[in-house]
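Novice: Whatever this is, show me its structure:
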Amino acid sequence: MNFIVIGATQGLGYELTKLLLEKGHSVAAGTVETTPPAALTALKEIGNLHIFPADVTNDAQLQAGASACEKFFGGKADALCNVAGVILNGDRTNLIHECDAGELRRTFEVNTIGVILVGKYFYPIIKKGGKLLSVTSEGMDLMSCGTWIPCYSMSKLAATKACGIFNASVQDVDFYAVHPGRMNTEMGRTTAQIEASDSAQGFYGLMTDETPLSRDNWYVDYNGKPMM
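Specialist: Residues are numbered from 1 along each chain as shown. As a prediction, the model looks like this:
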C-alpha cells in the first residue's frame, strides 16, 4: 500500500514512517526541514521511501509535494497522516490574556491552517474511499476549558472541527481528527502516558484498515475509539 506521513522528522511521524516501511509499504515522508535529518534518510535502507519538503504553512510547497507523491507512487495514495504541529514556549507559561500575539498566530498557522492546506492539496491524490488523518488532541468538548497551553488548545479545537467540515464537503475521501495519546515526545513529555511507538502502532491499524473506522465517527483516538 502507499502512504503519506507529513511531519515525519521525529516522534510519532518518524515512528509511523518507520513502521510502515518495516511492514513493506511505500511511504512518502514530508518534512519541514529543507535538508531531512540523517535518521529519517537512513530509513531508505528499510524500504521504498520518498522524502519531500512539506512545510504545512507553505501553499506552493504542499502543492508541489502532492504532485511529487503521486509521481513517486505511480498513482494515488491509500491514506495520509498529518502529524505536523507546535506548542510554542510562551504558550506553556502564559495565560490567554498574557499570550504573545505572534505565537498565537504561528500556532494557528501550523495547527489549524496547516490541517486545512494539507487537506486541500492532498485529498485529490488519495484514492476513492481512502483516508486523511489529522493529529489533533483530546479534550475538544467546547465547555471543557482549562488555562494551560491556550493557543494550542484553541488551534486543535478548530483543527478538529475542520476535519468534520471536510467530511461534509468531500464525499470520496474520509477525514479523521485523531487524538494520538499523551506521548513521551518533546512536545508532550510532561504529561506522557505512552511512547510514540505505541501511538504509531495504533495509527498503523487506522491507515491500513486493520482497525475499522466510520466517517460518521470522525473524531477518534489512535486506537479508533470514538472521542465524542
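Novice: So which bits of the longest helix anywhere in the chain are buried?
Specialist: Secondary structure of the chain read by DSSP state H shows that its longest helix is helix 150-169. The neighbour-count check on helix 150-169 (16 or more other Cβ atoms under 10 Å) flags 150-163, 166-167 as buried. Every C-beta, even on glycine, is put in place using the N, C-alpha and C of the backbone.
Novice: how many degrees apart are whatever helix or strand comes next after that helix and helix 150-169 in direction?
Specialist: Next helix or strand after helix 150-169 toward the C-terminus (DSSP states H and E): strand 173-179. For strand 173-179 against helix 150-169, the angle by axes from the mean of the first three to the mean of the last three Cα atoms, to 10 degrees is 160 degrees.
Novice: And the top strand by length along the chain, what does it pack against?
Specialist: Longest strand of the chain, by residue count under DSSP state E: strand 126-135. Under the contact criterion of 3 or more Cβ pairs under 8 Å, 6 or more residues apart in numbering; DSSP states H and E, strand 126-135 touches strand 77-82, helix 114-122, helix 150-169, strand 173-179, helix 196-208.
Novice: Need the contact partners of the shortest one.
Specialist: Contacts made with strand 77-82 from outside it, assessed by Cβ atoms under 8 Å, 6 or more residues apart in numbering, are listed as 1-7, 13, 16, 28, 56, 69-70, 114-115, 118, 122, 125-127, 130-135, 203, 206-208.
Novice: between it and helix 114-122, how big is the angle?
Specialist: 160 degrees.
Novice: so what strands line up beside strand 77-82?
Specialist: Its sheet considered, strand 77-82 pairs with strand 2-6 (parallel), strand 126-135 (parallel) by DSSP bridges.
Novice: The first one: how far from the chain's middle?
Specialist: Between the mean C-alpha point of strand 2-6 and the mean C-alpha point of its chain there is a distance of 10 Å (Cα atoms, centre = their mean, to the nearest Å).
Novice: show me what contacts S137?
Specialist: S137 neighbours (Cβ under 8 Å, 6+ apart): 152-153, 156, 160, 179.
Novice: now do 7 Å
Specialist: By Cβ atoms under 7 Å, 6 or more residues apart in numbering, S137 lies in contact with 156, 179.
Novice: Please apply the same query to E195.
Specialist: Contact analysis of E195 by Cβ under 7 Å, 6+ apart lists 183-184.
Novice: One more: F166?
Specialist: With Cβ under 7 Å, 6+ apart, F166 has these contacts: 119, 175.
Novice: Next, count neighbours for the closest residue in space to V56 that isn't next to it in sequence.
Specialist: Distance criterion Cβ to Cβ, 6 or more residues apart in numbering; nearest residue to V56, sequence neighbours excluded, is G114 at 3.1 Å. Counted with other Cβ atoms under 10 Å, residues neighbouring G114 total 26.
Novice: quick one: pLDDT of G114?
Specialist: With respect to pLDDT, G114 scores 98.
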